[in-house]
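[1] Provided below are the primary sequence and the corresponding predicted coordinates.
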Amino acid sequence: MARSIKDYSQKYFVWILFGLILLLSVLAILWPNSSQSTHDSFRPGDAGFSYKTPQGEVWVYGDSWHNNKFIRNAITLNGQYIGSFKSPAAGTWIWPGPIYRRPDGRLGMYGSQTTQAKPGMWGTKRLGSVQIAFKTNNIAGANIKLSGKNNAWTSASLNTGNKTFVYGVDGSNKAQVASINQGGNAVFQRIMGGWISGRFSVIQDRQRKWWMVGFLPWLSRRLVAYPLAGPAGRVTGPYRLLKTMPDPGAGLFVYDGLIHPELGGMLTWAMNGKNVGSKYGLYRIQDFWINNQAR
């Protein structure tokens, strides 16, 4: 029996409808403003510095991916990627440091101006420091300026209520501290001592004693706490071991261990290395400082 025009019309309608659904699905993935290509495709890595603001939770990361594009730094607000800082010189990038509140109300940061001097992971070279002043609603309009080779205040930051401090390490991996003046600039205070990696935290325990917490240098898996005389004080004794991270595997390493007191004492650390693959990124343990304070 010959098929009617109605039969053919129904058949073609089904195929056309299927084609439209498939086309819309593809466009949803590729369309620049879709959630798949913005928030859902952001993957943070390297150091994860956090800072609470009236607008919400701000994080700054090092090497990350956005829309499957490799970027050297990234800023998020409440989990949403909001931009990256551009280096003031061609052929260089900014690896970020911790955030602090400037006296003028903007957020501030010291970062490292870096370039690729040789091929490979270990072929990067730090050229000097940059100082950044920014607002979360205008990352592209951030004020970025070179600040010399020695102002490497990229380890930690702390606001005690009446003073703001930033921290770094010298060439011997001894911690040092600076205070932020009314112009938003770091003013060197003293060498604090200890032997610590380039990223650490300065934090109080429940007895209001001060500690410097971080990994030991040279990609050690040992997370330690040094006692301090105060938030800008010297190290007063040997370190106490808080945790030894599990072996991440052949050719892999952990680094940049940071405590986030404004987030309940959460611990974050990063993983990288040869053929790291899906293991690359930021790891976290909730309530770590609450449960593992130095005794």
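    Yep, it's here.
[2] what comes up buried for stretch 241-255?
    For stretch 241-255, the neighbour count (16 or more other Cβ atoms under 10 Å) marks Leu242, Lys243, Met245, Pro248, Leu252, Phe253, Val254, Tyr255 as buried. Using the backbone N, CA and C atoms, a C-beta is placed for each residue, glycine as well.
[3] which stretches of the chain aren't confidently modelled?
    Along the chain, the parts satisfying pLDDT under 70 run over 1-40, 295.
[4] What is the neighbour count of Trp59?
    Trp59 has 22 neighbouring residues, counting by other Cβ atoms under 10 Å.
[5] Give me the contacts around the strand or helix carrying it.
    Here Trp59, judged by DSSP states H and E, is contained in strand 56-61. Residues from elsewhere that reach strand 56-61 (Cβ atoms under 8 Å, 6 or more residues apart in numbering): 44-52, 73-79, 96, 98-99, 107, 109, 136, 263, 282.
[6] Which entries within those residues meet the buried criterion?
    44-51, 73-77, 96, 98-99, 107, 109, 136, 263, 282.
[7] ok, back up a step: and the strand holding Trp59, which strands flank it?
    Its sheet considered, strand 56-61 pairs with strand 48-53 (antiparallel), strand 74-77 (antiparallel) by DSSP bridges.
[8] out of those strands, which comes closest to Thr115?
    Of all these, strand 74-77 sits nearest to Thr115, with 19.1 Å by Cβ to Cβ.
[9] Output the helix or strand just after the closest one in CSV, but only the C-alpha positions, please.
    For strand 74-77, the succeeding helix or strand toward the C-terminus, using DSSP H and E, is strand 80-83. Presented in CSV, the C-alpha positions along strand 80-83 are these (Å, rounded to 0.1, in the frame of the first residue of the first chain):
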residue,chain,number,x,y,z
GLN,A,80,33.0,32.3,39.7
TYR,A,81,36.0,33.2,37.5
ILE,A,82,36.2,37.0,37.1
GLY,A,83,39.5,37.6,35.4
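[10] Going by contacts, tell me the helices and strands next to strand 80-83.
    Contact here means 3 or more Cβ pairs under 8 Å, 6 or more residues apart in numbering; DSSP states H and E; on that basis strand 80-83 packs against strand 74-77.
[11] In JSON lines, list the strands paired with strand 56-61 along with distance to Gly168.
    JSON lines is the format used below for the strands paired with strand 56-61 (distance: least, Cβ to Cβ, whole Å):
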{"stretch": "strand 48-53", "distance to Gly168": "14"}
{"stretch": "strand 74-77", "distance to Gly168": "21"}
